[in-house]
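>>> pasted the sequence and its predicted model underneath.
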Amino acid sequence: MIRWLAWLGLAGAAGAALWGCAAAPPLASPAVTSGVPAPVPAPAVAAPEPPAAARDARYRCDQGIDFTVRFADDSAFIDSPKRGSEVALRDAGGVTPQQSVYSNAHLRAEFGLGPAGREAKLHYLPDPQIAHCELQ
């Protein structure tokens, strides 16, 4: 019987020890390093700005159209006495970095055209009219 009580005492102590280990908070595992550096995200590429000469500029077009344009916050504010005022948002397009395209439901405007980047085109929608313009 004494043996039985001793065995229960040891078993109880061992059980308590195991229970205490199971209830202990988990240890943090060491960080695993592979020797390969983590990839660094590529920096965001900003859209090219219109040429300096085209900012807040006046254009004269064929077909008797003239307009002024002001660029701000990826928008082009186009004012023409003949066609009215339009706000067009930056759009995809342009073949070279100096070219920029702005559009809305009524107009598509391309800037930075020509060999010196001083030309523009206005495509009025739904009219098939395209005005070829030059910076003044």
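Yep, it's here.
>>> CA only for contacts and neighbour counts going forward, please
Will do.
>>> where do the helices of the chain begin and end?
Counting by DSSP state H, the chain has helices at residues 2-23.
>>> remind me which residues of this structure are low pLDDT?
Residues of the chain that meet the criterion pLDDT under 70 lie in 1-55.
>>> let's see it at 90
When the per-residue scores of the chain are filtered using pLDDT under 90, the ranges that remain are 1-57, 62-65, 73, 82-83, 91-98, 106, 124-131, 136.
>>> quick one: the strands in it, in order.
Defined through DSSP state E, the strands belonging to the chain, from first to last, are 57-61, 66-72, 75-80, 84-91, 100-103, 107-113, 119-124, 130-135.
>>> let's see the first one as PDB, backbone CA atoms only.
Taking only C-alpha atoms (Å, rounded to 0.1, in the frame of the first residue of the first chain), the coordinates of strand 57-61 have been written out as PDB:
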ATOM      1  CA  ALA A  57       0.300  78.200 -72.300                       C
ATOM      2  CA  ARG A  58      -1.600  79.600 -75.300                       C
ATOM      3  CA  TYR A  59      -2.000  77.600 -78.400                       C
ATOM      4  CA  ARG A  60      -3.200  78.700 -81.900                       C
ATOM      5  CA  CYS A  61      -4.800  76.000 -84.100                       C
END
